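Mind folding the following:
(chains A, B, C and D)
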There are 2 protein chains.
Amino acid sequence: MTATQELTKNQSLVFNALARADGPLSAYTILDQLRNDGFRAPLQVYRALDKLLDYGMIHRLESINAFVACAHPHTHSHGHGMIAFAICEKCGQVSEFSDDVITGRVREWTNGNGFKQSKTTIEIRGVCANCSTA
Amino acid sequence: MTATQELTKNQSLVFNALARADGPLSAYTILDQLRNDGFRAPLQVYRALDKLLDYGMIHRLESINAFVACAHPHTHSHGHGMIAFAICEKCGQVSEFSDDVITGRVREWTNGNGFKQSKTTIEIRGVCANCSTA
DNA sequence: TTGACAAATGTAATAACATCACATATCGAA
DNA sequence: TTCGATATGTGATGTTATTACATTTGTCAA
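Okay, here's the model as predicted:
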């Protein structure tokens, strides 16, 4: 499962809501945007989000309880390498990047400590270039 | 403000609850533990937590909405260097470490992109050595 | 000492985020 | 076609965090 067309109706609706947004959305914001499409309950959103996370098409930003469409689907669709997010607290814009050195250092620590990692969160909060010059 | 003795009553109660716990606690768990000490409302806990975070005496684990007493107060009480957490999903134990290389790479990215970072979260979820051998 | 400001506290209500439980529907393969 | 897996609909509930407002306590200078 990688192509957009293979998503179910609810998954497509949720994914498209995130894809057309210019920043992260909360589950409840998505719900509100999809009321006209027949969405009535949070669970409809959360279920779709879970699947989209599975498929690697979106990310969850733990530090702000929100979700974004993946910015570089092709780049890391094949799994390895952790992704870091820089989240602007002024405008809400999120930049996504991955860094092999960081990935390597984390892996060194986990290997050295017998820790089996399943998911790693790296989130940088601050103010983006645009917002700090303005 | 660095010494435990200078904390207010509520701050001490909350800090001690975290210090004697063997893992992270949620705000509401802390509240329940402190009912006998006169705590009645979430805000009493959250206000103390905010201060303790300010003072660098505790950390917030964003990915599990919980708080832990800082494991190495002396080490990073002087501010620089970001801290990473490895959180075991079986036993709840949290290991805290900091890595200058990771700190440096993050700073390179933020400097290169004009991003003024204020707080950085690094949380590794997985299973610790103890739990994976058991 | 007092009065005035800042910091801390108490309390109720509400907002924001997430899941449970249960019923129903849809689809693909045996 | 019938069975199982997946997806969906819906209400209720659970969990996490904040708002708003009143009161108390501590500090410090006049």
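
use CA for all of it now, contacts and neighbours both
Will do.

Per-residue pLDDT of the residue in chain A sticking out farthest from the centre, please?
Distance from the C-alpha centroid of chain A, by Cα atoms, centre = their mean, peaks at A:Gly112 (28.6 Å). Looking at A:Gly112, its pLDDT stands at 98.

With A:Gly126 instead?
97.

Likewise for A:Gly81?
A:Gly81 is given a pLDDT of 82.

swap in A:His76?
Here the pLDDT value assigned to A:His76 is 50.

what ranges do the strands span in chain A?
Remark: strands assigned in chain A by DSSP state E are A:58-61, A:66-69, A:83-88, A:94-98, A:116-127.

Which secondary structure elements does the first one sit against?
Helices and strands in packing contact with strand A:58-61 are listed as helix A:42-54, strand A:66-69; criterion 3 or more Cα pairs under 8 Å, 6 or more residues apart in numbering or on different chains; DSSP states H and E.

Give me the buried stretch members for stretch A:16-24, please.
Buried positions in stretch A:16-24, judged by neighbour count with 16 or more other Cα atoms under 10 Å in any protein chain shown: A:17-19, A:23-24.

Any chance of JSON lines for the residues you listed, columns distance to DNA strand C and pLDDT?
Shown next, in JSON lines, are the buried residues of stretch A:16-24 (distance: Cα to the nearest atom of the strand, whole Å; pLDDT from 0 to 100):
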{"residue": "A:Ala17", "distance to DNA strand C": "15", "pLDDT": "98"}
{"residue": "A:Leu18", "distance to DNA strand C": "14", "pLDDT": "98"}
{"residue": "A:Ala19", "distance to DNA strand C": "18", "pLDDT": "97"}
{"residue": "A:Gly23", "distance to DNA strand C": "14", "pLDDT": "96"}
{"residue": "A:Pro24", "distance to DNA strand C": "11", "pLDDT": "98"}
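
before we move on, the earlier item: pick the most buried one from the strands of chain A.
strand A:83-88 (a mean of 22; mean count of other Cα atoms under 10 Å in any protein chain shown).

got the CA positions of it in CSV?
This file holds the C-alpha atoms of strand A:83-88, laid out as CSV (Å, rounded to 0.1, in the frame of the first residue of the first chain):
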residue,chain,number,x,y,z
ILE,A,83,13.0,12.3,10.5
ALA,A,84,13.3,15.5,12.4
PHE,A,85,10.8,18.3,12.4
ALA,A,86,11.3,22.0,13.0
ILE,A,87,8.1,23.6,14.1
CYS,A,88,7.6,27.3,14.1
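
For that strand, which strands pair with it and how are they oriented?
If you go by DSSP bridges, strand A:83-88 pairs up with strand A:94-98 (antiparallel), strand A:116-127 (parallel).

now the ones you listed in CSV, with distance to B:Glu62?
Below are the strands paired with strand A:83-88 laid out as CSV (distance: least, Cα to Cα, whole Å):
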stretch, distance to B:Glu62
strand A:94-98, 17
strand A:116-127, 9
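
Minimum distance to B:Arg40: which of those has it?
strand A:116-127 (32.3 Å; Cα to Cα).

From the rest of the structure, what touches that closest one?
Outside strand A:116-127, the residues that touch it by Cα atoms under 8 Å, 6 or more residues apart in numbering or on different chains are A:61-63, A:82-90, A:110, B:63, B:115-129, B:132.

For chain A, what lies in contact range of DNA strand D?
Residues of chain A found near DNA strand D (Cα under 7 Å from any atom of the strand) are A:8-11, A:38-44, A:47-48.

Drop anything exposed from these.
A:10-11, A:39, A:44, A:48.

Could you report the distance from the one residue sitting closest to the centre of chain A to A:Ala27?
By Cα atoms, centre = their mean, chain A has its centre lying nearest to A:His59, at 1.5 Å. Separation of A:His59 from A:Ala27 (Cα to Cα, to the nearest Å): 12 Å.

A:Glu63 against B:Asn65, yeah?
I think there's a mix-up here, since residue A:63 is Ser and not Glu. No - contact between A:Ser63 and B:Asn65 fails when scored by Cα atoms under 8 Å: they sit 9.2 Å apart.

which of those two has more neighbours?
A direct count of neighbours by other Cα atoms under 10 Å in any protein chain shown for A:Ser63 and B:Asn65 places A:Ser63 higher, at 20 against 13.

Show me chain A divided up by domain.
Domain ranges of chain A: A:1-71, A:80-134, per automatic domain parsing.
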